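Colleague: Curious how this folds, go ahead:
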Amino acid sequence: MNPMFSKLDTLTGVQNTIVYILVAASYVIYEFVMSRSRRKVMEEMSEIEEEEPIIPRNFILAQLRKFDGTIDPKTDEPRPLYLSISGTVFDVKNGKDFYGPGGPYEKFAGRECGVALAKMSFEEEDLDDIEGCQKLSRGDQDQLAGWVHKFTYYRNYAVVGKVIPYGQLPSKDRIVSKEELMNNDGSGEIPDGYATAPIFIGAGGKVFDGSFGGVEHYGKDCSYNKFAGKDASRALAKMSFDPADTENPDISDLSEQQKKTLDGWVNTFENQKMYPIVGKLA
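Modeller: Down below sits the predicted model:
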């Protein structure tokens, strides 16, 4: 028997009633608090389950700059908050008080900041210097490794991709053969330093790499995957998924309106999506 209840035998009827009421009330309060706690845990678990899986992507520095946590005027919503350390891009939204607008490290948002963090520097010359991470002193290298460890294991910031230095990108003037185009449809091997395999898309005589932000569109089982690894000029101009167009690179018979549509796609890839140009179509 519960000792609390055994003591009731020595009390008067009124005292017993008061004690019973207090005990009952304590159990009610306990159950109320526990039910709220359980409900909160369930809500948090539900939110975790509803989070979309991370699709790794490649970045160029110009793309990364857009992920600075500021308000997007088109949506009135905050942009994602990313930063890169030695080429590894972290989602630091949970550290927005530090890296978000108004935070003490807001200058690092949307930037490669390995050198800056290692040196604890806010100088512009120490930002976006990926190659500089390999030139640091032994002590600064240790500091850099400490920051990577902190972000990965202590802060548990999610890794969302890799920054590829401009010098490591294929030349935009090289000629890309049909075979090379086909072999880079997103299903190939991941090059050293990349987060995901290249996705080449031919359009208007140029070859773009859609793995730099377009994986969710041109990757496997995605809506525009039929354009991956192909000269998609004709299909894009006609807004067509017909194999007669996706497998046919000929654009000589396009109408003026269709040519304008193709030009619009090329402009979107190059200037809005900022997919890097990795060659010319043969």
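
Colleague: pLDDT at the nearest residue to L81 once chain neighbours are set aside, what is it?
Modeller: Nearest in space to L81, with sequence neighbours left out and distances taken as Cβ to Cβ, 6 or more residues apart in numbering, is G69 at 3.6 Å. Quick note: C-beta positions are derived from backbone N, CA and C, even for glycine. Per-residue confidence (pLDDT) for G69: 98.

Colleague: quick one, what contacts G69?
Modeller: By Cβ atoms under 8 Å, 6 or more residues apart in numbering, the contact set of G69 is 78-81, 93, 96, 99-101, 106, 109-110.

Colleague: one more time with 6 Å
Modeller: Contact analysis of G69 by Cβ atoms under 6 Å, 6 or more residues apart in numbering lists 78-79, 81, 100-101, 109.

Colleague: G114 now?
Modeller: Residues near G114 by Cβ under 6 Å, 6+ apart: 85-86, 133, 144.

Colleague: Torsion angles phi and psi at it?
Modeller: Main-chain torsions, G114, degrees, to the nearest 10: phi -60, psi -50.

Colleague: got it, and L117?
Modeller: The phi/psi pair for L117 (degrees, to the nearest 10) is phi -70, psi -40.

Colleague: Quickly note the distance from it to P165.
Modeller: 18 Å (Cβ to Cβ, to the nearest Å).

Colleague: For the two, indicate the residue with more neighbours.
Modeller: L117 (24 against 15; other Cβ atoms under 10 Å).

Colleague: Neighbours of D76, how many?
Modeller: Using other Cβ under 10 Å, D76 has 7 neighbouring residues.

Colleague: CA atoms only: put stretch 179-189 into CSV for me.
Modeller: The C-alpha trace of stretch 179-189 is given here as CSV (Å, rounded to 0.1, in the frame of the first residue of the first chain):
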residue,chain,number,x,y,z
GLU,A,179,28.9,10.8,-75.7
GLU,A,180,30.2,13.1,-72.9
LEU,A,181,26.8,14.8,-72.8
MET,A,182,25.0,11.4,-72.4
ASN,A,183,27.5,10.2,-69.7
ASN,A,184,26.7,13.2,-67.5
ASP,A,185,23.0,12.8,-66.8
GLY,A,186,23.3,12.8,-63.1
SER,A,187,23.8,9.1,-62.7
GLY,A,188,27.5,9.0,-63.1
GLU,A,189,30.4,9.1,-60.6
